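# coords please:
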Amino acid sequence: MPTMREVERLYQLQELDEGIVLYERKLQEWASRLQQTHRRLAEAHQAHQDGEKALQTQQSHLRKTEGALWEHETRLKELEKRLYSDTIRSEREATAIQTEIEQVRQQKDQLESEALQLMMEQDERRSQLDQLIQEEERCLHEYDALVQDTGAQEKALQEQVEPLRSARAGLVAQIPREILALYEQVRRTGGKPVVRIVNNSCGGCRVDVPLLRRKALAAGELVRCENCGRILLG
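Take a look at the predicted model:
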């Protein structure tokens with residue numbers, strides 16, 4: 001038969017477990033903050049890389065447009081030189097050259113407009129890329145600072161939680177296995193597994209504890225609440 005002392009040990013174990021959970025939650029919060037900051041850094045780095053690729057694509061497009069523009073300018077000079085040379089054999093040939101000159105000029109004008117638009121867009125893309133680089137640097141500084149803070153906080157929290165874990169291990173060794181198993185079973189259902197009787201009521205669910213159960217508890221028996229199943233302590 002369990003003694004009142006064993007139930008009190010369960011209550012002490014519960015207090016230790018609550019303290020351990022509190023410190024573990026704080027550790028998890030710091031780890032979560034670090035993970036979120038690292039994710040923002042990764043996103044900023046990816047945005048930077050995407051910006052670099054977009055700028056390179058735009059630069060490649062501009063080079064192709066400038067190359068086509070140079071070809072049209074060269075062709076226009078050739079046609080104009082030919083038109084005013086003495087190699088023209090007929091009016092029909094001259095008309096054909098003039099027609100081609102007009103077409104090449106129109107194409108050249110269109111390419112110049114495209115090149116100008118691309119240069120303007122490229123300047124804007126460079127400005128956006130500068131902002132992306134600055135954002136990545138800001139995220140990196142934030143992450144580096146948080147790594148140091150997290151390391152210091154984790155060390156301090158581990159120093160505080162280790163005595164609780166040590167005390168828990170020592171206390172567990174004093175509790176019979178079947179009683180400890182019951183404690184863990186009730187604990188998994190949520191809430192505190194051990195509660196005191198307050199004004200003849202369960203301290204967990206506030207339902208009255210029958211007199212016979214209170215007498216059994218006073219006699220040293222392990223008593224559970226009929227309503228919520230928690231282990232009762234007088």
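
# could you chop the protein up by domain?
The record's domain split for the chain, according to automatic domain parsing, is 21-175, 176-234.

# reformat those as a markdown table; add mean neighbour count and distance to residue 12.
In short, each C-beta sits where N, CA and C put it, glycine included. Shown next, in a markdown table, are the domains of the chain (neighbours: other C-beta atoms under 10 Å; distance: least, C-beta to C-beta, whole Å):
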| stretch | mean neighbour count | distance to residue 12 |
| --- | --- | --- |
| domain 21-175 | 14 | 6 |
| domain 176-234 | 15 | 9 |
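
# minimum distance to residue 14: which of the ones you listed has it?
domain 176-234 (4.9 Å; C-beta to C-beta).

# now the closest one: average pLDDT?
Averaging pLDDT along domain 176-234 yields 93.

# from the chain's centroid, how far away is it?
42 Å (C-alpha atoms, centre = their mean, to the nearest Å).

# what's the first-to-last distance across that domain?
One end of domain 176-234 sits 20 Å from the other (C-alpha to C-alpha, to the nearest Å).

# from the contact counts, what lies against the helix or strand containing residue 117?
Taking DSSP states H and E as the definition, one finds residue 117 inside helix 91-172. Under the contact criterion of 3 or more C-beta pairs under 8 Å, 6 or more residues apart in numbering; DSSP states H and E, helix 91-172 touches helix 4-83.

# now do the helix it packs on, average pLDDT.
pLDDT averaged over helix 4-83 gives 94.

# that one to helix 91-172, inter-axis angle?
With axes from the mean of the first three to the mean of the last three C-alpha atoms, to 10 degrees defining the directions, helix 4-83 sits at 170 degrees from helix 91-172.
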